[in-house]
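> Can you look at this prediction? I've put the sequence above it.
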There are 4 protein chains.
Amino acid sequence: MKDLRLASLGGRKRTAVKVGDVKIGSGFTVIAGPCAVESEGQIVETAVAVKEAGADLLRGGAFKPRTSPYAFQGLGEEGLKLLQKAKDETGLPIVTEIIDPRDAKLVSDYADALQIGARNMQNFALLKEVGKLEKPVLLKRGLSATIEEWLYCAEYILKEGNPNVIMCERGIRTFEKYTRNTLDLSSVPALKELTHLPVITDPSHGTGRNSLVAPMAMASLAVGADGIIVEVHRKPEESASDRDQTLSIGQFKEMMERIGKLKKGLE
Amino acid sequence: MKDLRLASLGGRKRTAVKVGDVKIGSGFTVIAGPCAVESEGQIVETAVAVKEAGADLLRGGAFKPRTSPYAFQGLGEEGLKLLQKAKDETGLPIVTEIIDPRDAKLVSDYADALQIGARNMQNFALLKEVGKLEKPVLLKRGLSATIEEWLYCAEYILKEGNPNVIMCERGIRTFEKYTRNTLDLSSVPALKELTHLPVITDPSHGTGRNSLVAPMAMASLAVGADGIIVEVHRKPEESASDRDQTLSIGQFKEMMERIGKLKKGLE
Amino acid sequence: MKDLRLASLGGRKRTAVKVGDVKIGSGFTVIAGPCAVESEGQIVETAVAVKEAGADLLRGGAFKPRTSPYAFQGLGEEGLKLLQKAKDETGLPIVTEIIDPRDAKLVSDYADALQIGARNMQNFALLKEVGKLEKPVLLKRGLSATIEEWLYCAEYILKEGNPNVIMCERGIRTFEKYTRNTLDLSSVPALKELTHLPVITDPSHGTGRNSLVAPMAMASLAVGADGIIVEVHRKPEESASDRDQTLSIGQFKEMMERIGKLKKGLE
Amino acid sequence: MKDLRLASLGGRKRTAVKVGDVKIGSGFTVIAGPCAVESEGQIVETAVAVKEAGADLLRGGAFKPRTSPYAFQGLGEEGLKLLQKAKDETGLPIVTEIIDPRDAKLVSDYADALQIGARNMQNFALLKEVGKLEKPVLLKRGLSATIEEWLYCAEYILKEGNPNVIMCERGIRTFEKYTRNTLDLSSVPALKELTHLPVITDPSHGTGRNSLVAPMAMASLAVGADGIIVEVHRKPEESASDRDQTLSIGQFKEMMERIGKLKKGLE
């Protein structure tokens, strides 16, 4: 980093970001839920199940940035309302994506944390807008962003007055075809050297393969991440998007048990 | 491409997009001007000079997406007004970047074509907004976008009703350090096979080095591009941004002469 | 480059490398022929045809580095003998690949220039061995090599006493899937700034698509390359390897005519 | 993988490869030692220290593939003799690199396992030569190799009759500049799905930064790797190569203690 006066820099005093009652940056936080909110049954049922298995927060997209304009774009405000129901049912705080600065108020009314997706990492208009809020922001790394550029995006938010930024490594684009992306776990200890902000990983998008999610979640814990965000669906084979990388409830439970055991080795 | 019914596909019947009186897709169009509008003297003087050297359109940024929030962010509406003055002086139509969907009307009032930058290629809220206009849109390729993804972004605009999209190859991110990006010239004939939309290149951002702009502009013409967009400044060493890749007026003139000669070999 | 005393550096005084009677680095040299030598009929017939269309040298592999050990590995010494026959018939000097330092004498007995393939760019034992010969060496860029690393490989050859090195840009590996590799044409003017050695391109491997070879050959000429190496086969559909990127005799002729015309625009 | 009959494929029945008395593929094997053998004092002293800290094998290069021909190329046979002394002193089996097929007998006389470096992954002449031996081969992933290509290289060795191949993930080249390479930990569980061969990682080359080695070693264990290979030097600051990524004896000891504790969480 050329500019050492950045508000995001300085790895010594760690920041923990509070989302609802959960402190990200203290312990290992697990955010789980479907790629997209599809129906009340789907989101509530999944929320109940992931909570039971030990998840701390619920994820689910109402506004979906999709490669093709003809693909399912999310339920919009209706999706936000269904997330609210799942929260009422389970008490799990909500993390959901925002893709338009004009939706800042609307999404904030429902969400406990706002997700900025990889494609919008350098959508500076959006960063400035969420920087004016107090809501925590989960900032995903762009597909080909360097760590330095990613930190500057956090800085865009901090500069506007919102100190509640969580960095989320979600895989970078490489030539490898077996995985959807290459989850760069070295970015976790690298960020721990550079910034005081909490850092989580997304092994679902990071690998794009169901079978690789649990091993990479374990590795995320071992490498020092503050948590993970994973895609879980009551019936992955019926999921409207990201089917190949979504865990079933059973797989999620099993992963949570392995994580629980591994934690003891790190104490 | 999986979906062959896309409006952007079909390379046989070529589309030419009219920007002011200039038809992009018919002949070799040259768009030139500074990275950012800095002052009246700077933009008007540069506009007069590039017109004299043979440029067809004027470029210049009023809203600048910058890696750091502390870097110069552009003059905003004031910059648009200065572009208008340069247009009044020279008659050159204006190409300028839009980075916020809320600025659609404002920027459209001044610009003859709206540029979507590489970082915003998959800013779907912005794409949908410019898709509702009739203004031509110059759509840059994202830093790590595949050709397929890029075409889907054009499709986002077309789907909303705006048929006037110009594709702009501006270099992809690789591991090479000598150049700022790697200008993928093979994307030009690839797009010519896939889409009817016009395709131009940006050898300034594509290389990041002043000395490589003219050779890559020549290669762009030879490979079949419909034009180029290049950064030119009356005094590159005083430019507020992109100094290393900006041509002086003299260098631009010399390049235009070489392009003129090369055109004859392609007739 | 950190070390400015390298023998390969200094772009001012250009070196032309003589292969048979052909000077690479003076004019635009065209090397053409099949991926692999398959039979006497195939190589001789192709050689006669490419010569007639204007090729300056004949390419053809006798030792083939293949991804799978079960793929055709080339005819070995028998292939070299067939290349000799094609040379006797047409007078075209021969360029063929060497993949084992123990074959240096054998391959040199037949070839006019030795090709080091992309996968062997940093095979230092091989580089040192060909450095002890006087035969010209066509050194391909590695799949993910920087320009700096590539120049150091040329330096390995020069340091051993062989000054006859030709640099060959053959595409780098990226995430793009439409093309096999991304032909980095900016490396040509970049090398012209850095080194006195001649630089050619390989639009066949660089794109992996038949239809993109001619446009990228044209662009190579316009960007300042000293020549090209292209795959041509009398019957591309029967080629034992690289079928998708191989030109037919007819396509090669047509490309040579377009190149001839373009040259005039560059005079 | 297109060809499912490959000898390397089939992840169910695991192969353990015996190097000296150590079984790689059974437990978590730690290979440690300096980048290059520099002197008797250096290698013996480092060997004694890493053994004491719990290392299972000793690494150290006698033949060094270096980017520049003017950089230290290793002590050659003299280096092999010094490795022998370190082995005599400690009992640690030796892993050392081979870069020339003509050295196969020489290196085999001293080494317990032969390393094929990233740059030589597709040096097929070398792969075939080590395939004719019985010595275990540690096969590093190439800088931009896909998992499929890497497996085909293992297949080159297996096909010649040598079944003792250990896969080693050592990082791939990306655009990220903070780390030297990007250690792709997802390749470990991916390989576990595809092949029965053991898989280790190299967090030293994979990150290029001293401070990231231990976190990535921990993550390697958690993700399911069969071991690691790390660079350790009695005085990293005096190391002739790879200084920035080399652990001191103290750092190595500390890492081994953390690994020991983590193992318990995985039981």
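Nice, I can see it. From a predicted model like this one, the values you see are computed outputs, not experimental measurements.
> Residues of the stretch 101-250 of chain A that sit close to chain D?
Listed as neighbours of chain D in the stretch 101-250 of chain A under the rule Cβ under 8 Å from any Cβ of the partner chain: A:144, A:146-148, A:172, A:174-179, A:182-190, A:193, A:206-207, A:209, A:211-212, A:215-216, A:218-224. Bear in mind the C-beta positions are built from the backbone N, C-alpha and C, glycine included.
> restrict those to contacts with chain B.
residue A:144.
> Looking at the residues of the stretch 101-250 of chain A next to chain D, which are in helices?
Judged by DSSP state H, helices contain the following of these: A:147-148, A:187-190, A:193, A:206-207, A:211-212, A:215-216, A:218-223.
> Taking the residues you listed, please make a PyMOL selection of just the buried ones.
Applied in PyMOL, the following selects the buried portion of those according to 16 or more other Cβ atoms under 10 Å in any protein chain shown:
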select buried, chain A and resi 147+148+187+188+189+190+206+207+212+215+216+218+219+220+221+222+223
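> Is the residue most central in space within chain A in a helix, a strand, or coil?
When chain A is reduced to its mean C-alpha position, the nearest residue by Cα atoms, centre = their mean turns out to be residue A:229, at 4.7 Å. What DSSP: H, G, I helix; E, B strand; the rest coil gives for residue A:229 is strand.
> So it versus residue A:56, what's the distance?
Residue A:229 is 10 Å from residue A:56, where distance means Cβ to Cβ, to the nearest Å.
> Now for those two: what residues contact both?
With contacts taken as Cβ atoms under 8 Å, 6 or more residues apart in numbering or on different chains, the residues that reach both residue A:229 and residue A:56 are residue A:31.
> For residue A:34, give me its contacts.
Listed by Cβ under 8 Å, 6+ apart, the contact set of residue A:34 reads A:42, A:43, A:46, A:59, A:60, A:61, A:231, A:232, A:233, A:239, A:246.
> Can you list phi and psi of the fourth one for me?
The phi/psi pair for residue A:59 (degrees, to the nearest 10) reads phi -110, psi 160.
> just the helices in the stretch 51-200 of chain A please.
In order along the chain, the stretch 51-200 of chain A carries the following helices (DSSP state H, counting those that start in this stretch): A:77-90, A:104-110, A:124-131, A:147-159, A:187-194.
> so can I have a markdown table of these showing distance to residue B:73 and mean pLDDT?
Conversion of those to a markdown table gives the following (distance: least, Cβ to Cβ, whole Å; pLDDT from 0 to 100):
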| stretch | distance to residue B:73 | mean pLDDT |
| --- | --- | --- |
| helix A:77-90 | 31 | 98 |
| helix A:104-110 | 19 | 97 |
| helix A:124-131 | 8 | 98 |
| helix A:147-159 | 10 | 97 |
| helix A:187-194 | 24 | 97 |
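> before we move on, back to that, could you pull up the residues touching the residue nearest to the centre of chain A?
Residue A:229 sits next to A:31, A:32, A:59, A:95, A:138, A:168, A:200, A:201, A:202, A:204 when contact means Cβ under 8 Å, 6+ apart.
> again with residue A:171
Residue A:171 makes contact with A:141, A:143, A:179, A:180, A:181, A:182, A:183, A:184, A:202, A:205, A:206, A:207, according to Cβ under 8 Å, 6+ apart.
> Chain C: which of the residues you listed is nearest?
Ranking the contacts of residue A:171 by separation from chain C, with Cβ to the nearest Cβ as the measure, puts residue A:143 on top at 8.7 Å.
> That closest one and residue B:146: what is the separation?
If you measure residue A:143 against residue B:146 using Cβ to Cβ, the figure is 11 Å.
> Those two: which is more packed in?
residue A:143 (23 against 19; other Cβ atoms under 10 Å in any protein chain shown).
> count of neighbours near the closest residue to the more buried one other than its chain neighbours?
Once flanking residues are discounted, residue A:143 sits nearest to residue A:173: 4.5 Å by Cβ to Cβ, 6 or more residues apart in numbering or on different chains. Applying the criterion other Cβ under 10 Å, we find 22 residues in the vicinity of residue A:173.
> does residue A:173 really touch residue A:179, like I thought?
No. Contact status for residue A:173 versus residue A:179: not in contact, 10.5 Å apart, counting by Cβ atoms under 8 Å.
> Give me the buried positions along the lengthiest helix in chain A.
Secondary structure of chain A read by DSSP H shows that its longest helix is helix A:249-266. For helix A:249-266, the neighbour count (16+ other Cβ under 10 Å) marks A:249, A:251, A:252, A:253, A:255, A:256, A:258, A:259, A:262, A:265, A:266 as buried.
> Relative to residue D:250, how far out is the last one?
Applying Cβ to Cβ, the value for residue A:266 to residue D:250 is 21 Å.
> about what we covered before: so which of the contacts of residue A:171 is surrounded by the most neighbours?
In terms of neighbour count, residue A:206 stands highest of the contacts of residue A:171 at 32 neighbours, by other Cβ under 10 Å.
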